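Novice: structural data only, the sequence is not supplied:
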Ligand code: SF4
């Protein structure tokens with residue numbers, strides 16, 4: 001059972017530069033999304049969200065059928081499908097393939113699924129060079145970090161930090177201008193593309209009726225990774241399916257807008273098998289690695305399987321008040337923010353990071369913006385229930401149980417409740433003043449932490465019951481409803 005990373009959280013919260021970087025970047029993405037879904041630029045955006053939700057629901061409920069259809073169509077186009085039960089199985093098969101084909105250099109485009117299974121580490125361990133070619137991913141690969149955000153992996157890095165990193169790792173002169181930093185990365189990566197023997201991509205969508213892998217990006221690196229090397233490997237979770245090519249239109253309408261506020265991302269590539277006779281480019285061999293890694297377990301849960309609808313747009317992270325304060329690295333897995341808070345417990349069990357479903361204010365902003373309408377707050381509540389059940393099983397809820405028993409006993413006795421409320425109010429009011437003025441003589445961690453970040457409001461001078469009685473008395477005296485201001 002992993003505890004809350006309190007020290008690490010404190011560091012994030014007390015780093016003003018980091019706070020500004022997260023707040024600025026997510027704020028910009030929120031604003032861009034908002035502008036891109038205005039009725040003047042897209043007719044009824046909500047209707048596309050409904051449609052995307054329906055398509056995903058249908059696909060996930062018929063996943064077995066569409067997976068088989070995808071496999072048949074991909075094989076018919078000359079590709080091969082490798083099924084992987086879990087992360088270890090996926091890494092083993094990819095490594096075997098690389099060894100069989102004598103691959104020493106791999107160029108890779110951004111893929112959260114390969115991050116999920118820690119693929120780079122395994123390949124590097126086997127002395128195979130793996131280079132991330134998406135600029136953000138390249139930066140965090142050089143820094144030996146994991147992505148900070150699903151869409152913008154280096155969101156937390158300032159250009160000054162990138163300048164230091166490039167100088168240290170690439171031996172180039174310090175350069176703080178972003179465009180020039182991009183040119184440095186471009187120069188280094190161009191050589192890697194030319195030398196790459198295997199190209200690796202993720203997949204935004206897998207189209208069952210066409211046997212195609214769809215990759216969406218802005219930099220053109222995924223297109224180069226998938227066409228320059230002689231072997232192409234796409235790695236995808238089994239939930240990435242959509243039934244028909246025509247369904248893609250709906251997702252293209254919502255994905256770019258939700259992720260970066262773009263009506264359409266710059267490149268949309270359809271990868272469907274190796275190069276055919278007469279074609280001038282493309283790989284000689286094409287493999288699709290389909291990963292389960294816990295997804296069928298999520299699928300089996302009728303109430304929470306909608307978590308698999310996610311198209312990794314990152315909008316829920318940008319709009320989450322918790323993510324915007326604690327950033328991406330305080331979440332225990334590669335998936336951060338609200339989607340991470342519901343995926344991690346389902347993939348790893350609620351007992352592993354029991355605090356995670358509580359890392360939410362339940363404000364509902366995530367569900368409001370999710371392009372596939374995943375009911376994240378509802379799933380969080382369900383996970384909280386499971387955490388409590390798990391704690392009960394482990395006998396860790398004794399104090400809570402007793403507290404709620406006392407509470408319910410008092411609530412059933414109105415006069416006792418009233419006495420307790422007024423006595424508590426008077427006592428609490430005094431205690432508030434005392435706690436504010438004096439340094440705490442006794443260390444009570446929850447109270448101490450609470451007071452360090454918040455003002456504790458004094459209790460109101462009169463309780464609701466007193467106000468109600470006064471109102472009734474006034475009504476009786478005046479023979480009608482009193483004006484609002486008469487009660488203050
Ligand atoms: S849960 Fe919804 S909003 Fe969050 S990343 Fe997935 S698709 Fe985007």
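Specialist: Yep, that arrived. Note that this is a predicted model, so its numbers are computed, not measured.

Novice: close to the ligand: what parts of the stretch 351-488 of the chain are there?
Specialist: Counting by C-beta under 6 Å from any ligand atom, the residues of the stretch 351-488 of the chain close to the ligand are 369-372, 374. Every residue, glycine included, has its C-beta placed from N, CA and C.

Novice: right, I mislabeled it, should have said the chain
Specialist: Contact residues, the chain versus the ligand (C-beta under 6 Å from any ligand atom): 150, 258, 310-316, 339, 369-372, 374.

Novice: now with 8 Å, please.
Specialist: Selection of the chain residues close to the ligand by C-beta under 8 Å from any ligand atom yields 150, 258-259, 307, 309-317, 337-339, 342, 366, 369-374, 376.

Novice: return the subset of those residues lying in helices.
Specialist: If you go by DSSP state H, the residues of the chain next to the ligand have 258-259, 315-317, 337-339, 342, 366, 369, 376 in helices.

Novice: max pairwise distance over those residues: which two?
Specialist: 259 and 342 (18.6 Å; C-beta to C-beta).

Novice: give me the residue from the stretch 351-488 of the chain nearest the ligand.
Specialist: residue 370 (3.3 Å; C-beta to the nearest ligand atom).

Novice: ramachandran angles for that residue?
Specialist: Per-residue torsions, residue 370: phi -60, psi 120 (degrees, to the nearest 10).

Novice: give the contact list for the nearest residue to it once chain neighbours are set aside.
Specialist: Leaving out its chain neighbours, the residue that sits closest to residue 370 by C-beta to C-beta, 6 or more residues apart in numbering is residue 316, at 5.8 Å. The neighbours of residue 316, taking C-beta atoms under 8 Å, 6 or more residues apart in numbering as the test, are 337-339, 365-366, 369-370, 376.

Novice: go ahead and confirm residue 48 touches residue 252.
Specialist: No - counting by C-beta atoms under 8 Å, residue 48 stays clear of residue 252, with 9.7 Å between them.

Novice: any idea how many residues pack against the closest residue to the ligand within the stretch 101-250 of the chain?
Specialist: For the stretch 101-250 of the chain and the ligand, the shortest gap (C-beta to the nearest ligand atom) falls at residue 150, measuring 5.9 Å. Around residue 150 there are 26 other residues, counting by other C-beta atoms under 10 Å.

Novice: need the contact list for it.
Specialist: 112, 312-314, 317, 335-337, 339.

Novice: can you redo those as TSV with pLDDT and neighbour count?
Specialist: Below are the contacts of residue 150 laid out as TSV (pLDDT from 0 to 100; neighbours: other C-beta atoms under 10 Å):
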residue	pLDDT	neighbour count
112	96	17
312	97	18
313	98	26
314	98	23
317	98	29
335	97	23
336	97	28
337	98	28
339	98	26
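
Novice: of these, which is the nearest to residue 351?
Specialist: Closest approach between the contacts of residue 150 and residue 351, by C-beta to C-beta: residue 335, at 18.2 Å.

Novice: the nearest residue to that closest one once chain neighbours are set aside: what's it in contact with?
Specialist: Using C-beta to C-beta, 6+ apart and skipping residues adjacent in sequence, the residue nearest residue 335 is residue 343, 4.9 Å away. Residue 343 makes contacts with 307, 310, 333, 335, as judged by C-beta under 8 Å, 6+ apart.

Novice: just the ones of these in strands?
Specialist: Here DSSP state E is the test, and these give no hits in strands at all.

Novice: just those residues now: which is nearest the ligand?
Specialist: The nearest member of the contacts of residue 343 to the ligand, counting by C-beta to the nearest ligand atom, is residue 310 at 3.3 Å.

Novice: OK, contacts around that closest one?
Specialist: Taking C-beta under 8 Å, 6+ apart as the test, what residue 310 contacts is 239, 339, 343, 372, 374.

Novice: how about a cut-off of 7 Å?
Specialist: Residue 310 makes contacts with 339, 372, 374, as judged by C-beta atoms under 7 Å, 6 or more residues apart in numbering.

Novice: what do you get for residue 209?
Specialist: 69, 73, 243-245.

Novice: can I get the residues you listed in a markdown table with pLDDT and neighbour count?
Specialist: What follows is those, written out as a markdown table (pLDDT from 0 to 100; neighbours: other C-beta under 10 Å):
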| residue | pLDDT | neighbour count |
| --- | --- | --- |
| 69 | 98 | 18 |
| 73 | 97 | 18 |
| 243 | 98 | 17 |
| 244 | 98 | 13 |
| 245 | 97 | 15 |
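
Novice: quick one, strands of the chain?
Specialist: Under DSSP E, the chain gives strands at 80-84, 105-108, 129-132, 198-201, 205-207, 212-217, 231-237, 241-242, 267-271, 285-291.

Novice: need these in a markdown table (columns: mean pLDDT, mean neighbour count and distance to residue 185).
Specialist: As requested, those are arranged in a markdown table below (pLDDT from 0 to 100; neighbours: other C-beta atoms under 10 Å; distance: least, C-beta to C-beta, whole Å):
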| stretch | mean pLDDT | mean neighbour count | distance to residue 185 |
| --- | --- | --- | --- |
| strand 80-84 | 98 | 17 | 31 |
| strand 105-108 | 97 | 24 | 13 |
| strand 129-132 | 97 | 21 | 10 |
| strand 198-201 | 97 | 28 | 18 |
| strand 205-207 | 98 | 25 | 27 |
| strand 212-217 | 97 | 24 | 15 |
| strand 231-237 | 97 | 25 | 22 |
| strand 241-242 | 98 | 26 | 32 |
| strand 267-271 | 95 | 18 | 17 |
| strand 285-291 | 98 | 23 | 27 |
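
Novice: any idea which of these gets closest to residue 96?
Specialist: Using C-beta to C-beta as the measure, strand 80-84 is the one of the strands of the chain that comes nearest residue 96, at 9.4 Å.

Novice: the closest one packs against which elements?
Specialist: When contacts are defined as 3 or more C-beta pairs under 7 Å, 6 or more residues apart in numbering; DSSP states H and E, strand 80-84 sits against helix 63-76, helix 87-100, strand 285-291.

Novice: how about residue 348, nearest residue that isn't a chain neighbour?
Specialist: Counting by C-beta to C-beta, 6+ apart, residue 348 lies nearest to residue 333, which is 7.3 Å off, once chain neighbours are set aside.

Novice: please apply the same query to residue 227.
Specialist: Using C-beta to C-beta, 6+ apart and skipping the chain neighbours, the partner closest in space to residue 227 is residue 281 (5.1 Å).
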